[in-house]
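A.B. asks: predicted structure and sequence below. I'll ask about it afterward.
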Amino acid sequence: MNCALCEKNDETMLWQDEFCRVILAQDGDYPGLCRVILQRHVKEMTDLSPADQTRLFLVVMAVEAALRQVMAPDKINLASLGNVVPHLHWHVIPRYADDKHFPEPIWGQARRDAVPRHAAATLETDLRRVLDEKLI
């Protein structure tokens with residue numbers, strides 16, 4: 001089976017353990033866009049035990065809190081789609097009222113040009129530090 005999320009190619013790793021990992025997506029229009037990816041190939045949240053559902057969601061919440069602390073976005077979007085890659089993962093997306101797609105989802109039609117916000121190197125370092133504090 002070919003699964004892009006099982007293969008872990010060229011990821012900017014922010015945090016991981018044996019259960020899941022948090023990566024910083026390389027999206028120039030949406031700096032700070034993170035993915036929380038289960039370390040094993042599972043399709044849906046309901047395929048996990050209740051304890052593992054809670055564990056995964058606590059990591060998603062820690063990523064949201066870290067993004068809010070580091071980036072101060074107007075809103076955070078959470079999405080678990082998996083329509084293209086049926087491997088359980090969550091997108092945690094900092095949003096701003098003047099971003100390229102707001103108020104629509106980032107996968108929709110753009111409404112305006114992107115607004116540069118954060119230096120990638122600083123953002124990555126800051127997010128790693130905050131996630132290490134929150135996910136001890």
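C.D. replies: Yep, it's here.

A.B. asks: now the longest strand seen in the chain: how far from the chain's centre is it?
C.D. replies: When the chain is parsed with DSSP state E, its longest strand is strand 89-95. Distance, stretch centre to chain centre, for strand 89-95: 4 Å (C-alpha atoms, centre = their mean, to the nearest Å).

A.B. asks: who does that strand pair with, and is each partner parallel or antiparallel?
C.D. replies: strand 34-38 (antiparallel), strand 75-79 (antiparallel) (DSSP bridges).

A.B. asks: who wins for proximity to residue 129 among those strands?
C.D. replies: strand 34-38 (14.3 Å; C-beta to C-beta). Any C-beta I mention is one placed from the backbone N, CA and C, and that applies to glycine too.

A.B. asks: so where's the chain uncertain?
C.D. replies: Counting by pLDDT under 70, the chain shows low-confidence ranges at 1, 119-121.

A.B. asks: now do the buried residues in the longest helix along it.
C.D. replies: Longest helix in the chain, counting residues (DSSP state H): helix 50-71. For helix 50-71, burial by neighbour count (16 or more other C-beta atoms under 10 Å) applies to 52, 56, 59, 60, 62, 63, 64, 65, 66, 67, 70, 71.

A.B. asks: now do it: distance to the chain's middle.
C.D. replies: For helix 50-71, the distance to the chain centre is 10 Å (C-alpha atoms, centre = their mean).
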